[in-house]
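In: dropping a prediction and its sequence here:
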Protein chains: 2
Amino acid sequence: MTSASRAIAVFDSGVGGLTVFRALRRRLPHESLVYFGDTAHVPYGTKSAETVRRLTRAHLAFLSRRRVKCAVVACNTASAVALDGAALDRTLNGHGPAVPIIGVIEPGVRMALARTRSGRIGVLGTSTTIASGAYQRRLAAAGGVRVTARACPLFVPLIEAGWADHPVARRIAAEYVAPLKAARVDTVILGCTHYPLIKPVLGRVLGRGVELVDSAEAVEMEVERILAGRGLLCRTGSGHDTFFLTDTGGTFPEIARRFLGSPIRRLVRVDTGVDTVRDAVRA
Amino acid sequence: MTSASRAIAVFDSGVGGLTVFRALRRRLPHESLVYFGDTAHVPYGTKSAETVRRLTRAHLAFLSRRRVKCAVVACNTASAVALDGAALDRTLNGHGPAVPIIGVIEPGVRMALARTRSGRIGVLGTSTTIASGAYQRRLAAAGGVRVTARACPLFVPLIEAGWADHPVARRIAAEYVAPLKAARVDTVILGCTHYPLIKPVLGRVLGRGVELVDSAEAVEMEVERILAGRGLLCRTGSGHDTFFLTDTGGTFPEIARRFLGSPIRRLVRVDTGVDTVRDAVRA
């Protein structure tokens, strides 16, 4: 298998990364894509940074052993807390050729900085993402920027419960974005792969003239740029899709079908969580 | 260690089982208690029955190896999908003396049947609990009972986000209980360990004359009854508490401190989820 024909991996805690997967599928039709959803541990956004880091490293090592040519960490929480240290590169690169790992924080920050006119930027994300300060630090490093960040722990449950259009969602969104409106931001980073699904409501509560930066959109350009730069883009043929999940019994296949427009074919469950408990006791 | 001096285990997916833990601590002050919260996988209520079953079995086997004298499955979802089969008893009893496993479904059902006057009973629970039909089947088996069940997937996130008293919680609760009100139930089972924390709101939206059955309260009596029947109650001394969590970095210690009224002392992280992924690949 030549390097270019290897697959691009998209890693997420659950279904949210499908926004990135769909964007890549449309932009790069010749590429094979591998999706990894840690549906047994979802959500990451309310778990500790340490646990998110451990899970992300283990799952990226798994993907590395499948010889993917690059790995996109679509999950903002994982990107925020697991992509800073050098330990992650070692994990992934210790199992085959050096593989670029692309998180969603940097592309989102670059797009927000390119779009803001006033320099007043808002960030919405999970509790763990916002607490990590990953977006805030990178935006502040640009200089001349005022950042207002807000954790929105109810957005993911609302979206997963199918209530993204419910009046309650608007009420909750209005409360979450109040500090961003008070700060008169002109650009808001949707710092969670789920949030594009609540974009209509956010657009209404934020009002006209506020630009929403979608990480799925930001990262697809980054992936193309990086692969092109390494001569790793696939230019012919049609790619195939494979899905790895840690819990396959749930609603993922149905959500993916609705979201991608066709049923998913290759679905594999990856075991997790059970044997290790036994090991911990024996140790 | 004599049998009676062994600890009582309380297993839950996260913090919700603390309602059961607190009830047992107050009722049985001489007992040592072990709490196991699967905080790395929480919530169970939106995961597949198969995954909840696998996790529950593994964690109960862990507790069994710690030679507890009985295990309370405080999590309604785990009770609903993992306590029916004989496989579970084998798992737990294969690692030491036969250990009674006490779920929350049976005690809740018995209490609801004892309290209802009209025979019209409502059940609120997570998506997986309600989909399992565990409460509905057992209530229907009593005969002369009409059951109205409703999944409430947003209650746990609302409670964990600290929004149990927010006007939005009342709005969501009103929508969830609408079919129960239409069915004119006189008794409602709170089929999730979190739900007692949203009791004031539920009381308001359901109105007077509707009895709320709390599984924590129902199960503490069951535990005392079963242990007394086997001569396993501890009558002297003061018990100590140990907490096992699969993710210790989160807000559990703070929530537990507020909830139990004093800081938790013995807290142990149990590893999970990482090595097994590697095993799955090697296999």
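Out: Yes, it's here.

In: ok, the residue lying closest to A:Thr77 once chain neighbours are set aside to chain B distance?
Out: Counting by C-beta to C-beta, 6 or more residues apart in numbering or on different chains, the nearest residue to A:Thr77 once its immediate chain neighbours are dropped is A:Tyr44, at 4.2 Å. Any C-beta I mention is one placed from the backbone N, CA and C, and that applies to glycine too. In this structure, A:Tyr44 lies at 10 Å from chain B, with C-beta to the nearest C-beta, to the nearest Å as the measure.

In: quick one: A:Tyr44 from A:Pro153, how far?
Out: Note on A:Tyr44: its distance to A:Pro153, by C-beta to C-beta, to the nearest Å, is 12 Å.

In: just A:Ala183 next, same as before
Out: The span separating A:Ala183 from A:Pro153 equals 20 Å under the rule C-beta to C-beta.

In: next one: A:Arg117
Out: According to C-beta to C-beta, A:Arg117 and A:Pro153 sit 30 Å apart.

In: what do you get for A:Arg184?
Out: The value you get for A:Arg184 to A:Pro153, if C-beta to C-beta is used, is 24 Å.

In: before we move on, what about A:His59?
Out: When C-beta to C-beta is the yardstick, A:His59 and A:Pro153 sit 23 Å from each other.

In: now do A:Thr272, the pLDDT please.
Out: As summarised for this prediction, A:Thr272 has a pLDDT of 48.

In: any buried residues in stretch A:64-73, and which?
Out: Of the residues in stretch A:64-73, those buried under the neighbour-count criterion (16 or more other C-beta atoms under 10 Å in any protein chain shown) are A:Ser64, A:Arg66, A:Val68, A:Lys69, A:Cys70, A:Ala71, A:Val72, A:Val73.

In: how about the secondary structure of the spatially closest residue to A:Leu197 that is not a sequence neighbour?
Out: Leaving aside its chain neighbours, A:Leu197 sits nearest to A:Ile159 (4.9 Å; criterion: C-beta to C-beta, 6+ apart). A:Ile159 carries the three-state label helix when classified by DSSP: H, G, I helix; E, B strand; the rest coil.

In: thinking A:Ile159 is in contact with A:Lys199, fair?
Out: No - the criterion here is C-beta atoms under 8 Å, and A:Ile159 misses it with A:Lys199 at 10.7 Å.

In: looking at those two, which one has more neighbours?
Out: Here A:Ile159 and A:Lys199 are set side by side on neighbour count (other C-beta atoms under 10 Å in any protein chain shown), and the busier one is A:Ile159, at 19 against 13.

In: how much space separates the more buried one from B:Glu160?
Out: With distances taken as C-beta to C-beta, A:Ile159 is found 16 Å from B:Glu160.

In: A:Arg225 too?
Out: For A:Arg225, the distance to B:Glu160 equals 39 Å [C-beta to C-beta].

In: and A:Arg150, by the same measure?
Out: 17 Å.

In: list, one by one, the residues from the stretch 1-150 of chain A near chain B.
Out: Remark: the part of the stretch 1-150 of chain A in contact with chain B comprises A:39-41, A:46-51, A:54-55, A:57-59, A:61-62, A:65, using C-beta under 8 Å from any C-beta of the partner chain.

In: which of these are buried? Put it as a ChimeraX command.
Out: The following ChimeraX line selects those of the residues of the stretch 1-150 of chain A next to chain B that are buried, judged by 16+ other C-beta under 10 Å:
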select /A:39,40,41,46,47,48,49,51,54,55,57,58,59,61,62
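
In: in contact with the residue nearest to A:Thr77: list those residues for me.
Out: With contact set as C-beta atoms under 8 Å, 6 or more residues apart in numbering or on different chains, A:Tyr44 has these partners: A:Ser13, A:Asp38, A:Val52, A:Leu55, A:Cys75, A:Thr77, A:Ala78, A:Thr126, A:Thr128.

In: could you rerun that using 7 Å?
Out: Contact criterion C-beta atoms under 7 Å, 6 or more residues apart in numbering or on different chains gives A:Ser13, A:Val52, A:Cys75, A:Thr77, A:Ala78, A:Thr128 as the residues in contact with A:Tyr44.

In: helix or strand next in line after the one helix or strand A:Ala216 maps to, which one?
Out: Secondary structure assigned from DSSP states H and E places A:Ala216 in helix A:215-229. From helix A:215-229 onward toward the C-terminus, using DSSP H and E, the following helix or strand is strand A:241-245.

In: can I get the CA coordinates of that following strand in PDB?
Out: As requested, the backbone C-alpha atoms of strand A:241-245 are provided in PDB (Å, rounded to 0.1, in the frame of the first residue of the first chain):
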ATOM      1  CA  ASP A 241     -15.200   4.300   4.700                       C
ATOM      2  CA  THR A 242     -14.700   2.200   7.900                       C
ATOM      3  CA  PHE A 243     -16.200   2.900  11.300                       C
ATOM      4  CA  PHE A 244     -14.700   1.800  14.600                       C
ATOM      5  CA  LEU A 245     -16.800   2.300  17.700                       C
END
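
In: list phi and psi for the residue nearest to A:Thr77.
Out: The main-chain torsion angles of A:Tyr44 are listed as degrees, to the nearest 10 and equal phi -80, psi -30.

In: against A:Val156, how distant is it?
Out: As for A:Tyr44, its distance to A:Val156 is 10 Å (criterion: C-beta to C-beta).

In: A:Glu222 too?
Out: Per C-beta to C-beta, A:Glu222 is found 24 Å from A:Val156.

In: same check, this time on A:Glu31
Out: Plainly put, A:Glu31 is 28 Å away from A:Val156 if you go by C-beta to C-beta.

In: try A:Gly122
Out: For A:Gly122 relative to A:Val156 (C-beta to C-beta), the value is 18 Å.

In: what about these two, which has more around it?
Out: In this view A:Gly122 and A:Val156 are compared by other C-beta under 10 Å, and A:Gly122 has more residues nearby, 29 against 26.

In: wait, a strand at that one?
Out: Yes - for A:Gly122, which was evaluated using three-state DSSP, the result is membership in a strand.

In: give the buried residues for the helix or strand A:Met111 falls within.
Out: Assigned by DSSP H and E, A:Met111 belongs to helix A:105-115. Neighbour-count burial for helix A:105-115, counted by 16+ other C-beta under 10 Å, picks out A:Ile105, A:Glu106, A:Pro107, A:Gly108, A:Val109, A:Arg110, A:Met111, A:Ala112, A:Leu113.
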